[in-house]
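Novice: Just need the structure, nothing else, for what follows:
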Amino acid sequence: MEIRRDDLAGQAVQDLLSRHLQTCALHSPPESVFALDLDGLRAPELTFWTVWQQDILLGCGALKEIAPGHGEIKSMHTCQRQRGKGVGSFMVEFIINEAVNRHYQRLSLETGAMAAFAPAHKLYQKFGFDECPPFGDYRLDPHSLFMTLTLSR
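Specialist: All right, here's what the predicted structure looks like:
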């Protein structure tokens with residue numbers, strides 16, 4: 001597997017992100033979907049990557065700086081056919097390392113609280129993320145689960 005910084009111009013990437021937004025909308029009410037669209041993922045405080053195996057797109061993820069020393073994982077998604085192969089772990093580990101390289105002290109995320117998101121909860125817990133209160137601009141939401149990881153160099 002190879003991780004590439006991505007400009008979001010490719011059709012395969014755009015299709016993957018469309019499926020990501022559809023999945024979020026399927027399991028969460030509109031006011032509780034915080035996934036970013038293409039324009040949101042092009043924000044200057046955000047870096048977006050894709051995971052590939054040769055020319056096959058496996059998944060994606062992003063890192064957003066929400067405050068000095070504090071990053072947020074955004075838009076983590078693995079292609080349906082590639083699930084269970086370690087793609088998500090590969091991307092999370094990459095993003096954690098990138099956050100450490102950027103000298104962040106904390107890395108946080110928001111994901112759905114429903115059972116459909118249990119695999120994501122398990123993935124993040126495997127890397128040491130713990131539940132936390134809302135951070136940044138988020139507010140308490142019964143459909144959201146907030147998690148954070150304290151980083152050390």
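Novice: Show me which helix runs longest in this protein.
Specialist: Longest helix of the chain, by residue count under DSSP state H: helix 11-27.
Novice: So which helix or strand of the protein has the lowest pLDDT on average?
Specialist: Within the chain, no helix or strand scores below helix 11-27, which has a mean of 82 by mean pLDDT, DSSP states H and E.
Novice: right, and the helix or strand after that one?
Specialist: helix 38-41 (DSSP states H and E).
Novice: hmm, who's touching the longest helix of the chain?
Specialist: With Cβ atoms under 8 Å, 6 or more residues apart in numbering as the contact definition, helix 11-27 has outside contacts at 6, 8, 33, 35, 37-38, 41, 50, 57, 59-60, 75, 77, 79-80, 112, 114, 116-117. Where you see a C-beta, it was placed from the backbone N, CA and C, and this is true even at glycine.
Novice: can you give me the offset of that helix from its chain's centre?
Specialist: Its chain's C-alpha centre and that of helix 11-27 lie 13 Å apart, by Cα atoms, centre = their mean, to the nearest Å.
Novice: about what we covered before: selection in ChimeraX covering whichever of the contacts of helix 11-27 are buried, please.
Specialist: To isolate the buried members of the contacts of helix 11-27 in ChimeraX, using 16 or more other Cβ atoms under 10 Å:
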select :6,33,35,41,50,57,59,60,75,77,79,112,117
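Novice: In helices, which of the contacts of helix 11-27 fall?
Specialist: The members of the contacts of helix 11-27 that map onto helices under DSSP H are 38, 41.
Novice: Right, I'll call it a day here.
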